[in-house]
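>>> please work out how this folds:
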Amino acid sequence: MSGADGTPVPGRVVVIGAGLAGVSAIEELRASGYDGRVVLVGAEDQLPYDRPPLSKDVLQGKAGAPEVRLHPEAWYAEHGVELRLGVAAREIRTGEGLVVLGDGSAERDDAVLLA
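This next block holds a predicted model:
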């Protein structure tokens, strides 16, 4: 796969970190026209959420969990994002193009983004 200028474009991107930085990176990838495979890996089993309001609003009863989510679950499906939540990345094997997860499974990658 090559971009308009001939530079190689990865066919599979694994984003490690299901917080604001990881989700923002995915938003930018898709907004820029990237249409390859995107996998979002996060150790927590919850959909990505905005952390500052969690500690301020949710714990004080001013907001619920849905209000602090960065996107509803459907958004990830609509944007072709495969969610691997509740499992941490354990090892990045750059020479093999693999991200090994804490449950023993692995995700193939052409590029890894640490967020």
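>>> hang on, L98 packs against D110?
No - between L98 and D110 there is no contact under Cβ atoms under 8 Å: 11.0 Å. All C-beta atoms are positioned from the backbone trio N, CA, C, and that covers glycine.
>>> for the closest residue in space to V14 that isn't next to it in sequence, give me its contacts.
Nearest residue to V14 in three dimensions, chain neighbours excluded: D109, at 4.3 Å (Cβ to Cβ, 6 or more residues apart in numbering). D109 makes contact with 10, 12-14, 39, 97-99, according to Cβ atoms under 8 Å, 6 or more residues apart in numbering.
>>> state the pLDDT value of the most centrally placed residue in the chain.
Closest residue to the average C-alpha location of the chain: L40 at 2.7 Å, with Cα atoms, centre = their mean. As predicted, L40 sits at a pLDDT of 98.
>>> okay, and the beta partners of it?
V15, L83 (DSSP bridges).
>>> let me see the ranges of the strands in the protein.
12-16, 37-42, 81-85, 89-93, 98-101, 106-108, 111-114 (DSSP state E).
>>> as TSV, these with distance to P48 would be great.
Output for those, formatted as TSV (distance: least, Cβ to Cβ, whole Å):
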stretch	distance to P48
strand 12-16	10
strand 37-42	7
strand 81-85	8
strand 89-93	15
strand 98-101	17
strand 106-108	17
strand 111-114	14
